[in-house]
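> based on what follows, work out the 3D shape:
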Amino acid sequence: MEAAKGAMPSSSLEDRSRAVAIWLFSVALLVLAMVVVGGATRLTGSGLSITQWRPISGVVPPMTDQVWARDFTLYRATPQYLLLNRGMSLADFKFIFWWEWAHRLLARMVGAAFAIPMAVLLLARRFPKRLIGPCFGLLALGGLQGLVGWWMVKSGLEARVSVAPERLAVHLGLALVLFSALIWTGFEAWFGAAPIAARRTDRWTSWTAVLGVAILLQCLLGALVAGNHGGLVDADWPLMGGRMAPADYWRGSLWETIAHGQASTQFDHRIFAYLTFTASAGVAIGAAWSASASPAIRRLAAGLAIAVTLQAGIGVMTLAMGVPLALAIVHQSMAAAVLATATALAWRSRRR
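So this is what the prediction gives:
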């Protein structure tokens, strides 16, 4: 019997595993938590409070006054302390330390929550064979993310008072790629592989893929804004400092303008937000009027357009209010939700 329009095509039971899907979705939630705490760590200026990379022993926080004194002494040798936080009390240091420690603890939890259940599921033969390779790839990507995190932190311990914006963008970008890949692979495990007759290769697969990449790129532009504290300048909207484009946009070179300018990174983020908003609205309208779009694609496209609109509004509010911590965290969390919706739409668009 022909499947009802919009229903998910069937697949063999051996090709799918609800247990694997639930595990992958759960790890994706942990990655989301890590991204949110990482954003709070940056916003509170906490990211450079732990000056050493101890993957194993670092899981134990300071337990005695002597250890606290040692870690505080290490921090007081950093440019951030010497140039920005000179005179900071031990109590203030503990505040920023706990944020960074929580971020690193979540990163370790993500690794454990991925590797241990994966081993159990493999031994229990609950793993679809076609997903073993991709999941080992996800494990490797998670390990790379940890290395890039320390590479990012090192940039702020040498001659800067904060991490390099481009390294922050790479670090966040890898986390978001991992987040999206976990969701995508989770769908593959839940529903199984699509039969050849149910696979779609048409304009929807192209448009949704381009839109998903655009949303990821917009997140990276946001990371450059965050790394340069670009949200603290030109807080009017839709103008910037009363102009269509900031007067100090150009910083002498293309790289400095793209990666290291407060006004320039904010302007780029704004312009790409307009493009992303237009593209998401166009896909939603196109899906609503297209006979080839399934009900699921229409719902996801509409939901994505609404999420992008809400995210844009939150971004404007965050800017106008001077980047308050709570609202900035909401803005970053919403970005991950938008990306998750775009991932679901791109995945669903490949099935009839």
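> list the contacts of Leu74.
Leu74 is in contact with 51-52, counting by Cβ atoms under 8 Å, 6 or more residues apart in numbering. All C-beta atoms are positioned from the backbone trio N, CA, C, and that covers glycine.
> next one: the helix or strand hosting it to chain centre, how far?
Remark: Leu74 resides in helix 65-75, with elements defined by DSSP states H and E. Distance of helix 65-75 from the chain centroid (Cα atoms, centre = their mean, to the nearest Å) equals 32 Å.
> let's number from 105 now, not from 1
All right, first residue 105 from here; so that's helix 169-179.
> residues of that helix that come out buried?
By neighbour count on 16 or more other Cβ atoms under 10 Å, the buried set for helix 169-179 is 172, 175-176, 179.
> looking at those, which is nearest Thr422?
If you rank those by distance to Thr422 using Cβ to Cβ, Tyr179 comes first, at 28.8 Å.
> which positions in the longest helix anywhere in the chain come out as buried?
Longest helix in the chain, counting residues (DSSP state H): helix 194-227. Using 16+ other Cβ under 10 Å as the test for burial, helix 194-227 gives 197-198, 200-211, 214-215, 217-218, 221-222, 225.
> list the helices and strands that helix packs on?
helix 122-147, helix 169-179, helix 233-262 (3 or more Cβ pairs under 8 Å, 6 or more residues apart in numbering; DSSP states H and E).
> looking at these, which is buried most?
helix 122-147 (a mean of 20; mean count of other Cβ atoms under 10 Å).
> next, the angle from that one to helix 194-227.
Counting by axes from the mean of the first three to the mean of the last three Cα atoms, to 10 degrees, helix 122-147 lies at 160 degrees to helix 194-227.
> roughly how far is helix 122-147 from the heart of the chain?
Taking mean C-alpha positions (Cα atoms, centre = their mean), helix 122-147 and its chain are 9 Å apart.
> and if you look at stretch 161-175?
Worked out by Cα atoms, centre = their mean, stretch 161-175 lies 30 Å from the chain centre.
> so what touches that stretch?
In contact with stretch 161-175 (Cβ under 8 Å, 6+ apart) are residues 154-156, 194, 197-198, 201-202, 205, 208-209, 212.
> can I get the helices and strands packed on helix 194-227 in a markdown table with mean pLDDT and distance to Asp340?
Below are these laid out as a markdown table (pLDDT from 0 to 100; distance: least, Cβ to Cβ, whole Å):
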| stretch | mean pLDDT | distance to Asp340 |
| --- | --- | --- |
| helix 122-147 | 96 | 22 |
| helix 169-179 | 96 | 37 |
| helix 233-262 | 94 | 30 |
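> export these to CSV and tack on distance to Ala313?
Listed next are the helices and strands packed on helix 194-227 as CSV, based on distance: least, Cβ to Cβ, whole Å:
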stretch, distance to Ala313
helix 122-147, 20
helix 169-179, 44
helix 233-262, 18
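> closest to Gly417 out of these?
Taking those one by one with Cβ to Cβ, helix 122-147 is closest: 18.5 Å.
> and Ala298, what pLDDT?
For Ala298, the pLDDT comes out at 78.
> quick check: it vs Gly334, distance?
Distance, Ala298 to Gly334, by Cβ to Cβ, to the nearest Å: 42 Å.
> Arg212 too?
The value you get for Arg212 to Gly334, if Cβ to Cβ is used, is 31 Å.
> and the angle from the longest helix of the chain to helix 169-179?
Going by the same axes, to 10 degrees, helix 194-227 makes 100 degrees with helix 169-179.
> now do helix 194-227: distance to the chain's middle.
16 Å.
> pLDDT averaged over that helix - what is it?
96.
> OK, contacts around Ala211?
By Cβ under 8 Å, 6+ apart, the neighbours of Ala211 are 138, 249-250, 253.
> same deal with Thr380?
Contacts of Thr380 (Cβ under 8 Å, 6+ apart): 315, 318-319, 322, 412.
> relative to the whole chain's centre, how far out is the host helix or strand of it?
Per DSSP H and E: Thr380 is located in helix 366-393. The chain centroid and the centroid of helix 366-393 are separated by 18 Å under Cα atoms, centre = their mean.
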